[in-house]
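Engineer: 3D model of this:
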Amino acid sequence: MIDWYLKVVRDNYANFSGRARRSEYWYYALCGAIIGMVLKGVDYAIGLEVNIVGTLYSLAVFIPGLAVAVRRLHDIGKSGWYFLIIMLPIILGSVMLGVSILDTTPGFTVLRLISILLFLGGGIWMIVVLCKEGDAGSNEYGEDPKRPDDFLNEIGSKEVY
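Structural biologist: The predicted structure follows:
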């Protein structure tokens, strides 16, 4: 798991080209979440009321996280700009939820319902897209990351197995 995380953060920090396997993306996400929780505990242990260490970590890994998400989309044949389309309902739902919280109307309003549905719908859509199996063989973004180049060079063929 750490190998995948280091591959994203150290070897491909701002690499937006090529393709990323599901395991590369999801192991990076899992390891990042674990590190984030540990850093939250560190902030709590040293008595910080604001999550300073975790925020600094989030800023440091924002670019590699975005890059691996774009490469993951490339693996399924989508442009990296597709990520903005996926994030749009999540961002819009978050903003609308923030606005609805400021509303003093008691109860569950239509604005709150729409904002929650947008947020959840966008999140579920993103998970489904990022869990989808990559294109077999090469696509317009590069070779299949499941097939190592050394193996291809050794056998001298690029047939899909």
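
Engineer: wait, doesn't Thr109 sit right on Val99?
Structural biologist: No: in this structure Thr109 lies outside contact range of Val99 using C-beta atoms under 8 Å: 10.6 Å. In short, each C-beta sits where N, CA and C put it, glycine included.

Engineer: distance of the residue nearest in space to the middle of the chain relative to Tyr44?
Structural biologist: Of all residues in the chain, the one closest to the mean position by C-alpha atoms, centre = their mean is Ala69, 4.6 Å from it. Distance of Ala69 to Tyr44, computed by C-beta to C-beta, to the nearest Å: 29 Å.

Engineer: so this protein: which segments form each domain?
Structural biologist: 1-75, 80-133 (automatic domain parsing).

Engineer: how close does Gly65 sit to Ala29?
Structural biologist: Taking C-beta to C-beta, one finds Gly65 at 8 Å from Ala29.

Engineer: repeat that for Asn12.
Structural biologist: Relative to Ala29, and taking C-beta to C-beta, Asn12 is found at 15 Å.

Engineer: ok so, going back, Glu140 is nearest to which of the domains of the chain?
Structural biologist: domain 1-75 (8.4 Å; C-beta to C-beta).

Engineer: and the closest one, end to end?
Structural biologist: In domain 1-75, first residue to last residue: 20 Å (C-alpha to C-alpha, to the nearest Å).

Engineer: now it, how far from the centre of its chain.
Structural biologist: Centroid separation for domain 1-75 versus its chain: 9 Å, with C-alpha atoms, centre = their mean, to the nearest Å.

Engineer: avg pLDDT for it?
Structural biologist: What domain 1-75 shows for mean pLDDT is 90.

Engineer: equivalent analysis for stretch 98-118, please.
Structural biologist: 76.

Engineer: and it, how far out from the chain middle?
Structural biologist: 27 Å.
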